[in-house]
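Asks: only geometry, no sequence info:
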């Protein structure tokens with residue numbers, strides 16, 4: 001049943017449509033310091049990434065993320081930290097692949113064709129190097145042994161490089177999940193725009209602060225002669241209202257106003 005479930009997961013993984021935030025070719029440029037750390041301390045990085053993938057909840061830990069027959073049979077529930085340390089040091093390749101499958105199943109991420117070619121080339125090179133070593137051991141030829149050693153070194157170099165790029169790819173995807181790419185830009189709500197009507201002498205503001213107006217239609221200068229006169233010209237000081245001119249003292253209201261009987265009772 002477990003093997004059939006894993007096969008079903010592999011088939012389901014082929015229908016995923018999401019992509020990694022960064023492909024394997026761009027991981028060195030995306031996070032060069034972390035990629036270097038993954039090269040020199042791969043097991044430690046694998047431990048850290050698996051713990052992050054489990055949301056730092058080690059009670060959810062299962063050996064090889066449940067993708068191998070040994071998963072759930074190694075006493076992980078009693079000491080998950082020790083089991084994870086054993087996994088990343090003794091089964092480093094499986095630990096990296098298990099974290100990759102875990103992220104792919106969580107976010108429906110597919111592997112691009114370029115990434116598949118790189119990973120496939122790594123596996124093929126390791127198998128060829130292993131075959132050359134066996135043949136050199138059987139034949140006993142020194143030239144073939146030297147060629148197998150060179151091929152083994154090349155295979156190990158490719159393996160370490162690809163695993164480091166894969167772990168950097170996983171780290172960037174976890175950063176994306178955890179929102180570590182910086183805060184989202186604050187989008188201001190645009191102001192409510194109003195339509196101008198023909199009965200409005202001044203159109204409403206649309207996205208700008210209202211400008212001071214002086215009672216004239218928007219866009220037209222005031223008529224000639226409507227500007228206020230220069231200071232000191234009008235009216236002359238003390239001339240308005242003329243003293244004693246209007247109304248004369250005691251003339252308003254006239255005597256006898258209002259007439260008697262004006263207010264109804």
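Replies: Perfect, I can see it now. Computed from a prediction, not measured in an experiment: that's the story for all the values here.
Asks: who touches residue 47 in this structure?
Replies: Contacts here follow Cβ atoms under 8 Å, 6 or more residues apart in numbering; on that basis residue 47 touches 84, 85, 88. Where you see a C-beta, it was placed from the backbone N, CA and C, and this is true even at glycine.
Asks: mind checking pLDDT for the closest residue in space to residue 70 that isn't next to it in sequence?
Replies: Using Cβ to Cβ, 6 or more residues apart in numbering and skipping the chain neighbours, the partner closest in space to residue 70 is residue 63 (5.6 Å). At residue 63, the model reports a pLDDT of 90.
Asks: my guess is residue 63 meets residue 90, correct?
Replies: No. Residue 63 is not in contact with residue 90 according to Cβ atoms under 8 Å; the separation is 10.8 Å.
Asks: Which of the two has more residues huddled nearby?
Replies: Per other Cβ atoms under 10 Å, whichever of residue 63 and residue 90 has more neighbours is residue 63, with 24 against 10.
Asks: Could you tell me the phi and psi values at the more buried one?
Replies: With angles defined as degrees, to the nearest 10, residue 63 sits at phi -60, psi 130.
Asks: can you map out the strands along this protein?
Replies: Along the chain, counting by DSSP state E, strands occupy 18-19, 109-110.
Asks: for the first one, packing partners?
Replies: Read it as strand 18-19. Secondary-structure packing of strand 18-19 (3 or more Cβ pairs under 8 Å, 6 or more residues apart in numbering; DSSP states H and E): strand 109-110.
Asks: Tell me the neighbouring strands of the strand it packs on, and mark each as parallel or antiparallel.
Replies: strand 18-19 (parallel) (DSSP bridges).
Asks: Outside of stretch 169-184 itself, list whatever touches it.
Replies: Contacts of stretch 169-184 (Cβ under 8 Å, 6+ apart): 20-24, 27, 30-31, 34, 45, 49, 52-53, 99-100, 103, 107, 109.
Asks: ditto for stretch 32-39
Replies: By Cβ under 8 Å, 6+ apart, the list of residues contacting stretch 32-39 from outside reads 27, 28, 45, 160, 161, 163, 164, 165, 167, 168, 171.
Asks: Let me see the mean pLDDT of it.
Replies: Model confidence over stretch 32-39, given as mean pLDDT, is 94.
Asks: Then stretch 105-121?
Replies: The predicted model assigns stretch 105-121 a mean pLDDT of 90.
Asks: now the end-to-end length of it.
Replies: For stretch 105-121, the first-to-last residue distance is 24 Å (Cα to Cα, to the nearest Å).
Asks: What are the buried residues along that stretch?
Replies: Of all the residues in stretch 105-121, those buried under the rule 16 or more other Cβ atoms under 10 Å are 105, 109, 110, 111, 115, 118, 119.
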